[in-house]
Structures are given as C-alpha cells and as structure tokens.
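Enquirer: Predicted model and sequence follow; I will ask about them next.
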Amino acid sequence: MTWLETLRTAYEALNTRRLRSLLTVLGILIGIAAVILTVGLGQGASQKVTDQINKLGSNLLIVSPGSVTSASGVRGGRGSATTLTVDDAVVLSDPAVAPDIASVAPTSQSSVTAIAGNANWTTTAVGTTADWLTVRARTVTAGRFLTAADVASGAPVVVIGQTTATQLLGPVSPVGQTISISGQSLTVIGVLNVEGSTTGGDQDDLAIMPQTTYSARISTTANPRSVSTIYVQARDQGSLSAAYQETVAALLATHGVQPAAADFTVSSQQALVDTVTTTTRILTVLLASVAAISLLVGGIGVMNIMLVSVTERVREIGLRKALGATPSVILRQFLVEASLLGLVGGIAGLAIGLIGAAVLPGMLGQPVTISPIAATAALVVSLGIGIGAGVYPASRAAKLPPIEALRSE
Amino acid sequence: MTAALEAMVVEPAGESALLQLRGVTKTYLMGEITVQAVRGVDLDVQEGDYLAIIGPSGSGKSTLMHIIGCLDIPTTGTYTLAGIDVAGMGELQLAQVRNRRIGFVFQAFNLLPGMSALRNVELPLMYAGVSRADRRARAVRALERVGLGDRIDHKPNELSGGQQQRVSVARALVTEPDLILADEPTGNLDSASTEEILGLFRELHDSGRTIVLITHEHDVADQASRVVAMRDGQAEVVR
C-alpha cells in the first residue's frame, strides 16, 4: 500500500469522526499558537528595546553621577549625586588623557515650561555642547545646531525638536522665532530631525541650548557647573573598551577617589542592551514554557483520542486484517492519522499565530516578531507530537489479532 | 479412540482438494482452563464445492471457520489451501493468503461507514497493491455482478441490509479468490433479503465458485450441495 493510499485512508477515518478530530486538532492548535505568539512577543519586545537603545547613538558610553548618602544614612539611587561637572567633560575630551574618545557631550536636563505667543508647552530643556549632535546621532532639518562659539559665549539660542516646534509655533517656520523658557528669551536657531520615542522619552520634544546658557539661566541646582549625564563616544566599535577604561581612569584621577569609592557609573549601550535582552529572554522562556505545557496537553489529547479510536475501531481493524492488511499497514495507518491531527493542528496554530502577529501589535502596542525558524519549528514539533502520541495506540492496533477484533460486538 | 477418529474422517484425501484439513485441533487457554474448541477435524473441500458447516453455538464451527479463513492457525494438525501449507505460517504470510485466496462475508456485513460501496469493495485490492484505475474497474465489475451497479457511490447507511450484504459479497468476489467463506451471512437479514443472498450464492456456485458457508439454520444449510455438522468440536458429514 502506498503512502498516498495510507494518507487517503487516514483522512477518511478522521473525516468520519469530524467533530472529534476537530476538537483534538484544537488542542494542538492552541498550544502551537500560544508558543508562537509568546515567543514572538518576547522577541518583538526585545527587538524594540534594543532598537531604542541603539537610537541613542553608536559606540556610546554613558557616565552618570554616583549615588549620594544622606546624613541619616539613606542612600539615594544612581544619579542622585551631583558629582559630575562640566570640568569632567573637559578632561575627557583631552586627547592626551583619553585618545580613544572621539567626542564628549556633557548634558544637564530638566523639565521646563516654554512659551511662544499664546502657546505654552512643557518640554525638556537640555544644556549641552556642540558634540551632542554627533554623539546622539541626530541631525538638524532646518537652521543649524549649537556651535562651540555659542557654548563659549553662553548665547541665548535654542534648537528645538519637531514636537516642541509644532506645539509652540504651529505652522510658522521656527527658525528665527523667539521663545521663552523659564522666563528667558531664546532665539530658535534650528530644528532637530524626527526620531520618535525611546526609553529616554519623546526624542522630538526637546529644547537644546548651550550648556553655559543652561547653567546660567535655567538650572535650578545648587552647583550650576554640575551635569546629569556625560555622553562619551568612542572612535569606533573596537576602541569602545579602551574608551571605557580611559573614562573610568580619568574620572577617578580627577575626583581623587579609589575605584571602590567611585562616585560615578559608566555604562555602555551594549551593557544596557544585554540587561534588557536578558530580562526579556527570561520572561519569554517563562511564558513559552507555560505555552509549551498547553502543547503537551494537546499532545496527550491526541494520544487519548487515538487510544479511544483504537478501542472503538477494533472491528474495523479486524476487518482490515481479514481483508489482507498486515500489522505494519495498520501501524502506518494509525500513525499517519495521529500525525495528520498533529500537523493540521500545527498549520492551523501557525496561521492563528501569524494572524495574531498581524493584529496584536495594533491592539497591545507591542511588536510581535515571528521568525521563519520559529514557524518551521512549530510545524516540526506539531508533527513530532502527532507521531509521538500515535506510536503507542498504533502499535496496539497493529497487534490486535484479527479474530479478537472481528468477534467484538 | 481409533473408531472415533475414523468417524471424523469426512472424506478420503483427494489430491486435487482445494482445502485439506487433517487432524486439526484448536485449544484455547481461558484463564486456568484449557478449552478444546476443535478436536481433530479432517475435511476436504474440492474446487467448485458448495459446503455448509452447520452447528449450534459452542460447537466449534466458528473456530473452524477462523482456521479455514486463515484468521487463526490450528494448535495441531495440518491445513493446506490450494496446495499451500497454512498451519505453520506467520502473521504476515497469513495476511497475504487471506488477501489473495479468501473472500469473506460476515454476519454483520462489516462495511466501513463513511466510505462508498465502491471504496469498500476496493479495500482488498488496495491491500493487494492493485493500481487505482484497475482497482476501480474491478470493483465496479464486482458490484455489477451482485446487481448494485447503480449504487456504487452510496454509503452503507444509505443501503438496505440485503444491499449491504451484497456489497460485502462483491468485496469478497473482487479479488477472484479461491474460496468464498461466509460466516452466518443471513444472520442479520429478513427472509426476503436472505432469499436474495442465498440466490446470489447459488449463482456463484453455478458459475464454478468454491463456497464454504457457516450457519446454524437448517434451511440455509439446505441450499448447499454438501453439509457437514459440527458437534462438540468434531465434524460429521450430513450429506
């Protein structure tokens, strides 16, 4: 008997018990769809966060102030201290001290109210240097960015994001307009490219001004020279590690502290990406295991239904044997029936998964990534489950002696 | 014992006998008790014979039918079918012998539901590895032979009892077997359908087919040209 005949026979048998076959398939379907979607969601989330971190710029090191311990012994979180200053940035940008560092952008930021005409808008004021643009991998779409001269002179100028421009100035071309931030009049000299949101918030709602202008006019901190973050860009991917060492060494020397008492933290983009992917991977594995259990239950459902089927179809098996079916032919028929249940469940589950991958992002705001490998694996696994669940019932069917089978009423 | 054995010799051994059973016994182990269902049967069936095996339930006629049908092998004794020694065969070879040489007709029809009459009749040919086109042509011919040429696409539940049994006769005929073995073929039929099926068997006999029919009804057995009665696991010739 050819495989095609076996397939047809198996199909006929399943089609005779349509509702039952359908319900059995449902078990596999749900399992496969659940695995595909949870893994897809996990991969999507991980990809999204990675993209966002990469948007910060490339070959980036982020220096944050250390924590501060109050008199009562309460330790603040990372960045609560104000130990970083513009002077640190000056030291880091010295090629003699740190040859692997390409550019340095000290950054301070705070939430401020900007006013233009009748419009007012809460935005983020950022005080930084001309290097910010390259370090953060941004461009200006109109006008120009800050220059070293602007920073040196503390010029009353500002470069704003697209969102800020739209909210404050509407359709008016922003370059040359004057806006008021915390009561200070600043001239808009440029508009940033559109970037979208990242982990750092809306990257299009910013008001970038010279660090000097910021500390003199906007900053509310006690030490106007302190900065909240120093972005350090290494020359290239290969020098990132060297740049990291140089940054740490230079800051320790400048601050005059031992490594154990370091009052700052240097983290790399890669470290951030690693942290995030590790977290999402753990979550994904957790969710996928739950889904895998449902797949296992589906597999047991297939085995159960095949066993019931063998018991119920003792007469049919006996008849087939009387008519000349060998044990191996019977074995094959039941195995193919079980694998067919598994495979159909797998294909349907994959289809549901793909539909879910198309529909869910719109509903949850979370991307779902389904890789071809995951899809293929789903089909292979569902087929494997079908075959695995079919082995025992099929061998029982094959072993039935024809007279026993024919005798049963 | 010798006298008893002689009484059991139903017919002298003929060289041309299609079926030849010699000293066939069958013992079952039911828990602790051994049950001897067949106690030494000698039986010859010639080609073209129409033999009825009659006997009440428990007489061993079903066990004998299983052995004749190669569904089971004798505990002792020999059985040759068309010159082939069947007694020592394995499951695989038995399946082949059943497929090629025997056509079964069962009391409960044993048609597969959900499959058309045609597909049911094709079944033995499928296991014999006959090509699809050939299979269909032969199945159609067999169904026409039993007068169901206009019902080939009907499913068993769309056919009357008599029609269903005719489908199973067609299934028994389709492989052109050496022997048609019918186990209580009229047991589930009303009298009109019984007459219909017995008429069909008569026709088949007239056209030279070898038929062995197992029954417990005397009027059914009367149709056959020879009758053997089973009693307590032993066979004796009635006529």
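Expert: Done, it's in.
Enquirer: looking at this, A:Ser382 is in a helix?
Expert: Yes. Assessed by DSSP: H, G, I helix; E, B strand; the rest coil, A:Ser382 belongs to a helix.
Enquirer: who's in contact with the closest residue to it other than its chain neighbours?
Expert: Using C-beta to C-beta, 6 or more residues apart in numbering or on different chains and skipping the chain neighbours, the partner closest in space to A:Ser382 is A:Gly346 (2.6 Å). Any C-beta I mention is one placed from the backbone N, CA and C, and that applies to glycine too. Residues near A:Gly346 by C-beta atoms under 8 Å, 6 or more residues apart in numbering or on different chains: A:Ile28, A:Leu29, A:Ile32, A:Ala378, A:Leu379, A:Val381, A:Ser382, A:Leu383.
Enquirer: confidence score at A:Gly346?
Expert: Here the pLDDT value assigned to A:Gly346 is 92.
Enquirer: What separation is there between it and A:Gly301?
Expert: 14 Å (C-beta to C-beta, to the nearest Å).
Enquirer: next one: B:Ala142
Expert: 40 Å.
Enquirer: more crowded one of these two?
Expert: Using other C-beta atoms under 10 Å in any protein chain shown as the criterion, B:Ala142 and A:Gly301 rank with B:Ala142 on top: 26 against 21.
Enquirer: name the helices or strands packed onto the helix or strand encompassing the more buried one?
Expert: Taking DSSP states H and E as the definition, one finds B:Ala142 inside helix B:132-145. In terms of contacts (3 or more C-beta pairs under 8 Å, 6 or more residues apart in numbering or on different chains; DSSP states H and E), helix B:132-145 is packed against helix B:117-128, helix B:161-173.
Enquirer: Any chance of JSON lines for these, columns distance to A:Asn120?
Expert: Formatted as JSON lines, the helices and strands packed on helix B:132-145 follow (distance: least, C-beta to C-beta, whole Å):
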{"stretch": "helix B:117-128", "distance to A:Asn120": "81"}
{"stretch": "helix B:161-173", "distance to A:Asn120": "89"}
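Enquirer: Let me know which of those helices is the nearest to chain A.
Expert: Across the helices and strands packed on helix B:132-145, chain A has its closest neighbour in helix B:117-128 (4.0 Å, C-beta to the nearest C-beta).
Enquirer: ok, and what's touching the closest one?
Expert: With contacts defined as C-beta under 8 Å, 6+ apart, helix B:117-128 is touched by A:1, A:5, A:9, A:12, A:320, A:323-326, A:329, B:95, B:99-100, B:103, B:111-112, B:134-136, B:138-140, B:142-143, B:148, B:151-156, B:159, B:167-168, B:170-171, B:174-175.
Enquirer: Let's have the helices and strands packed on helix B:132-145 in JSON lines, adding mean pLDDT.
Expert: Shown next, in JSON lines, are these (pLDDT from 0 to 100):
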{"stretch": "helix B:117-128", "mean pLDDT": "93"}
{"stretch": "helix B:161-173", "mean pLDDT": "92"}
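Enquirer: can you list those in JSON lines and add distance to B:Pro56 and mean neighbour count?
Expert: Listed next are those as JSON lines, based on distance: least, C-beta to C-beta, whole Å; neighbours: other C-beta atoms under 10 Å in any protein chain shown:
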{"stretch": "helix B:117-128", "distance to B:Pro56": "31", "mean neighbour count": "24"}
{"stretch": "helix B:161-173", "distance to B:Pro56": "23", "mean neighbour count": "24"}
